[in-house]
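K.L.:
Any chance you can model this:
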Amino acid sequence: MTADYVIIGSGSAGSAMAYRLGEAGKKVVVIEQGGSDRGPFIQMPAALSYPMNMGIYDWGFQSEPEPHLGGRRLATPRGKVVGGSSSINGMVYVRGHAKDYDTWEAMGAQGWSYSDVLPYFKRMENWHGAEDTASGDTSFRGNSGPLHITRGPRKNPLFNAFINAGKQAGYPVTEDYNGQAQEGFGAMEATIYKGQRWSAANAYLKPALKKGNVTLVKGFARKVVIENGRAVGVEIERGGKIEVIRAAAEVIVAASSINSPKILMLSGIGDAAALRAHGIEVVADRPGVGANLQDHLEIYMQYQAAKPITLYKYWNLWGKALVGAQWLFTGKGLGASNQFESCAFIRTKAGVEYPDIEYHFLPIAVRYDGKAAAGGHGFQVHVGPMRSKSRGAVTLRSANPKDAPKILFNYMSDPSDWEDFRACIRLTREIFEQPAMKGHVKAEIQPGMNLQSDAELDAFLKEHVESAYHPCGTCRMGRADDPMAVVDAECRVIGVEGLRVADSSIFPQVTNGNLNGPSIMTGEKAADHILGRRLPKSNLQPVINPNWQTQQR
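P.N.:
Sure thing, here's the model as predicted:
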């Protein structure tokens, strides 16, 4: 089999690239190891805790024992299904802050500033939030793209109580954190449309497959085939046989920040000494492959509710059956929301230019693995710092493609992480003391008000921080003369012809918030680089708190 372009991975970036390349008349093959995304566990938004805990949909990765977390191994879910991680994620849509992309450019990703990426965010969006904004300013948003972006109805009074508490604590209310002003409290956005998960598969891949230029091949990508310094195809295993799908133009790796560096290393691209130690022939000595691993950590600050208005009443077999049945027959009700309907982005302290804390509010006290907190009715916020300085790495366990790679995030290795997390806890407690929320709080479940000192909070953090599942950075984009860069600003692998990487692995630094939106934008923009075209820059400017140097809010 031969195509113009062969893409490894049908996830957020891979699906977007397939759509745009196919739209331009190119023949594209997309390789995906995982199976179908059909079924209520994936398509029903409220069922989000299920697919990321099911081996049929998830690669099942875990970190190595994390030295700064007492040797805990943290789950690292990555989608093994059509749509990739966009089919198992929490469906939260965050572009990231404008300053994130200006930082990328300053780090060597020329042409990836906010003014460069904003047109791609607008091109991909079909935004349904205009009716929820008072100003009517839609200049920062797109309304005709494949990716539907909606807001929940916020019928539960706790959603608006959280926003009002933020306002009472002195923070701004932002009518659109994905628009001009991220900082503040407001409605959270989601990739949900007509009550259904709007994954990259639903938005991009399935329409592309229908048009005929794009073909989906189910198989396990073993490595990129490189001849005379040029990528010419992908070696895959399917049906018990190994075969090569050849690319007449280019191979594009979009297999996630975990699998993309693994595939490059198995193909002979990586740290030369490490590759030789596994008996792999070196094609390009790029020590940055697998390095620069970043993620967001978070804690769940949980509260007992003073009133029985939370989702806990549905947290039983009968309640879940009712919610599921309503969704199956009508596409509406509680099943049609991910229940993350309000949020906030704030700064840890004065002197921080733009938000470095993100909040997801949830009207039930429950973990991502579906385990409810003790104590009946409750609610929680997921809160964590956005720009950790800690860095880890993805490395090969062996030269066997079937072996999972070693993943060591080195979480909490930088002292500032502990300082920032303590700020998260203390600022959250202050917010929940405001009149709008105080009447809803019966008691703090965790951390628990008995934990107050730095040492007590640090002990809690060591045991309870969890990944927000935003790994990135392992094939970092940068200047061609940067020895730790893996791809250049055109997403081309440095030192190999005809090969690109385009997914969250190329991020020089993790963005502010959830990564699905930036990953799709990466696929959109990479497709234009491949096709030799570019959208004009935007001249729109974000709002930054003018007093950020002297005020925390």
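
K.L.:
can we go C-alpha only for contacts and neighbour counts from here?
P.N.:
Noted.

K.L.:
what does the average pLDDT come to for the longest helix seen in the chain?
P.N.:
If you go by DSSP state H, the chain has its longest helix at helix 415-432. Here helix 415-432 scores 98 as its mean pLDDT.

K.L.:
ok, residue 205 touching residue 19?
P.N.:
Yes: between residue 205 and residue 19 a contact is recorded at 6.2 Å, counting by CA atoms under 8 Å.

K.L.:
Would you map the helices across the stretch 251-400 of the chain?
P.N.:
256-266, 272-277, 317-330 (DSSP state H, counting those that start in this stretch).

K.L.:
Flag the shaky bits of the stretch 351-500 of the chain, pLDDT-wise.
P.N.:
For the stretch 351-500 of the chain, the stretches flagged by pLDDT under 70 are 368-375.

K.L.:
cutoff 80 now
P.N.:
Within the stretch 351-500 of the chain, the stretches with pLDDT under 80 are 367-375.

K.L.:
returning to what we had before: buried residues, the longest helix of the chain. List them.
P.N.:
Neighbour-count burial for helix 415-432 flags 417-418, 420-425, 427-428, 431-432 (criterion: 16 or more other CA atoms under 10 Å).

K.L.:
now the strands: where do they sit in the stretch 451-553 of the chain?
P.N.:
Along the stretch 451-553 of the chain, counting by DSSP state E, counting those that start in this stretch, strands occupy 466-467, 499-501.

K.L.:
residue contacts, residue 163?
P.N.:
Residues near residue 163 by CA atoms under 8 Å, 6 or more residues apart in numbering: 173, 185-186, 342-344.

K.L.:
Report the angle between the host helix or strand of it and helix 415-432.
P.N.:
Applying DSSP states H and E as the criterion places residue 163 in helix 157-168. Calculated by axes from the mean of the first three to the mean of the last three CA atoms, to 10 degrees, helix 157-168 forms an angle of 110 degrees with helix 415-432.

K.L.:
what about whatever helix or strand comes next after helix 157-168, average pLDDT?
P.N.:
Downstream of helix 157-168, the first helix or strand assigned by DSSP H and E is strand 184-187. Mean per-residue pLDDT for strand 184-187: 98.

K.L.:
do the same with stretch 104-115
P.N.:
Averaged across stretch 104-115, pLDDT comes to 98.

K.L.:
what's the spacing between that stretch and its chain's center?
P.N.:
20 Å (CA atoms, centre = their mean, to the nearest Å).

K.L.:
Pull up the distance across it, start to finish.
P.N.:
By CA to CA, to the nearest Å, the extent of stretch 104-115 from end to end equals 12 Å.

K.L.:
before we move on, what about stretch 82-100?
P.N.:
Chord length of stretch 82-100, first to last residue, is 29 Å (CA to CA).

K.L.:
all numbers from here: first residue = 560
P.N.:
With the count now opening at 560, the last piece we talked about shows up as stretch 641-659.

K.L.:
Work out the gap between that stretch and the centre of the chain.
P.N.:
With CA atoms, centre = their mean, you get 4 Å for stretch 641-659.

K.L.:
which ones are touching residue 731?
P.N.:
When contacts are counted by CA under 8 Å, 6+ apart, residue 731 touches 725, 742-744, 1112.

K.L.:
And the contacts of residue 722, which is closest to residue 753?
P.N.:
Comparing the contacts of residue 722 against residue 753 with CA to CA places residue 901 closest, at 19.1 Å.

K.L.:
right, and that closest one touches residue 720 too?
P.N.:
No: between residue 901 and residue 720 there is no contact under CA under 8 Å: 9.6 Å.

K.L.:
residue with max distance from the center of this protein?
P.N.:
residue 787 (35.7 Å; CA atoms, centre = their mean).

K.L.:
check contacts around that residue.
P.N.:
Applying CA under 8 Å, 6+ apart, no residues contact residue 787.

K.L.:
circling back: of the contacts of residue 731, buried ones?
P.N.:
The neighbour-count test (16+ other CA under 10 Å) applied to these identifies 725, 742-744, 1112 as buried.

K.L.:
Go through the residues you listed and say which is closest to residue 1009.
P.N.:
For the buried ones among the contacts of residue 731, the closest approach to residue 1009 (CA to CA) belongs to residue 725, at 23.7 Å.

K.L.:
Please report how far the closest one lies from residue 1079.
P.N.:
For residue 725, the distance to residue 1079 - CA to CA - is 30 Å.

K.L.:
and if you look at residue 681?
P.N.:
Here residue 681 is placed at a distance of 12 Å from residue 1079 (CA to CA).

K.L.:
So which of the two has more stuff around it?
P.N.:
Taking other CA atoms under 10 Å, residue 681 and residue 1079 do not tie; residue 1079 has more neighbours (29 against 18).

K.L.:
Hmm, the more buried one is touching residue 579, no?
P.N.:
No: the pair residue 1079 / residue 579 is not scored as a contact, 11.6 Å apart, by CA under 8 Å.

K.L.:
Any idea how many residues pack against the nearest residue to residue 1049 once chain neighbours are set aside?
P.N.:
For residue 1049, ignoring the flanking residues on the chain, the nearest one in space by CA to CA, 6 or more residues apart in numbering is residue 1088 at 5.8 Å. Applying other CA under 10 Å, we find 15 residues neighbouring residue 1088.

K.L.:
who does the longest helix of the chain touch, helix- and strand-wise?
P.N.:
With contacts taken as 3 or more CA pairs under 8 Å, 6 or more residues apart in numbering; DSSP states H and E, helix 974-991 sits against helix 716-727, strand 937-944, helix 1013-1023.

K.L.:
Okay, angle between that helix and strand 937-944 too, please.
P.N.:
Relative orientation of helix 974-991 and strand 937-944, computed by the same axes, to 10 degrees: 140 degrees.
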